[in-house]
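In: just a sequence and a predicted model for now, questions to come.
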Amino acid sequence: MEKKSFECGGRKAALYCGEKADAPLIVLNHYSEDDGDSVLRAMREIDMPDCSLLVVGNIRWNHDMAPWDCAPVIRNDAPYTGGADEHLNLLRTRLIPEALALTGGRPSFLGIAGYSLAGLFALYAAWRCDAFDRAACMSGSFWFPGFREYVLTHDPIRRPEKLYFSLGDREAKTRHPILKTVQSNTEEIREHCEALGIPVTWELNPGNHFSEDALRTAKGIRGILE
């Protein structure tokens, strides 16, 4: 996949172009500084349909990925400062249009993917606007206070064509009163989405939150491409 790098709105972006100009475009908000190379390697190791991948980095994690303000839930962590709408607007108005110009084609659909808090952001974006056709949420931080209630009480602006959710089977095995809700919240959100008529793929992987994150991300992207 040809790599094209650019900067926009303080974000570093790496576009990996698919073989065909009309291949689906997947937006991946990424926490690492490696431009998504680890995810690309994992994608090459599994049977991956053709796509273009826009990896967005240099993210202010607890601001850009958080839908609203929230006090830290882990000792010594930074507070969450509710910048998701701002970041979503940057994606829609500047980053994605720049990526589309670089692909030179019209993607068959637009998807969004993310791991951890970026997984929560992916579903929030699918609910909040009509830009994305599909979303993949790997180890999504659905423990985030108020998020389960938000999804259950708000209709998506446009019903997604497909959703993918995954978790590690040890993520909920903690004494932390907030973090331990992640699996039950994810399952309740999944059931709600299915009740809305949205096709959902749900996968429980072995390990904790930090196990094989690149491979889990690649599997999630494949899940919304198939």
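Out: Noted; the coordinates are in hand.
In: would you map the helices across this structure?
Out: Ranges of helices within the chain are 37-45, 61-64, 84-90, 96-103, 117-128, 147-153, 182-195, 213-225, based on DSSP state H.
In: list the buried residues for the last one?
Out: Judged by neighbour count (16 or more other C-beta atoms under 10 Å), helix 213-225 contains these buried residues: 213-225. In short, each C-beta sits where N, CA and C put it, glycine included.
In: as TSV, the helices of the chain with mean pLDDT would be great.
Out: Output for these, formatted as TSV (pLDDT from 0 to 100):
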stretch	mean pLDDT
helix 37-45	92
helix 61-64	96
helix 84-90	98
helix 96-103	94
helix 117-128	98
helix 147-153	98
helix 182-195	98
helix 213-225	97
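In: excluding chain neighbours, give the residue nearest to D213 in space.
Out: Of all residues not flanking D213 in the chain, Y115 sits nearest, at 5.5 Å (C-beta to C-beta, 6 or more residues apart in numbering).
In: ok, back up a step: comparing the helices of the chain, which comes out most buried?
Out: Scoring these by mean neighbour count under mean count of other C-beta atoms under 10 Å gives helix 117-128 as the most buried, with a mean of 26.
In: leaving aside the residues adjacent along the chain, what's closest to P145?
Out: C70 (5.6 Å).
In: is it correct that the one you found is in contact with Y80?
Out: Yes - the pair C70 / Y80 is scored as a contact, 4.0 Å apart, by C-beta atoms under 8 Å.
In: shared neighbours, those two?
Out: Common neighbours of C70 and Y80, using C-beta atoms under 8 Å, 6 or more residues apart in numbering, are F144.
In: between those two, which has more neighbouring residues?
Out: Neighbour comparison, C70 and Y80: the larger count goes to Y80, with 23 against 17 (by other C-beta atoms under 10 Å).
In: residue contacts, the more buried one?
Out: By C-beta under 8 Å, 6+ apart, the neighbours of Y80 are N62, H63, A66, W68, D69, C70, A71, P72, F144.
In: try I46
Out: Neighbours of I46 in contact, by C-beta under 8 Å, 6+ apart: L215, A218, K219, R222.
In: find the nearest non-adjacent residue to the second one, please.
Out: Counting by C-beta to C-beta, 6+ apart, the nearest residue to A218 once its immediate chain neighbours are dropped is A42, at 3.8 Å.
In: try the last one
Out: Leaving aside its sequence neighbours, R222 sits nearest to M48 (C-beta to C-beta, 6+ apart; 5.4 Å).
In: got the CA coordinates for stretch 200-213 in CSV?
Out: Written as CSV, here are the backbone C-alpha positions of stretch 200-213 (Å, rounded to 0.1, in the frame of the first residue of the first chain):
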residue,chain,number,x,y,z
VAL,A,200,-23.2,-6.5,14.6
THR,A,201,-20.1,-8.7,14.8
TRP,A,202,-19.0,-9.4,18.4
GLU,A,203,-15.7,-11.1,19.3
LEU,A,204,-14.2,-12.0,22.6
ASN,A,205,-10.5,-12.4,22.4
PRO,A,206,-8.1,-14.0,24.9
GLY,A,207,-6.2,-11.6,27.1
ASN,A,208,-6.4,-8.3,28.8
HIS,A,209,-6.8,-4.8,27.4
PHE,A,210,-3.2,-4.6,26.2
SER,A,211,-3.0,-8.0,24.5
GLU,A,212,-2.3,-8.0,20.7
ASP,A,213,-3.8,-4.6,20.1
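In: no further queries at this time; thank you.
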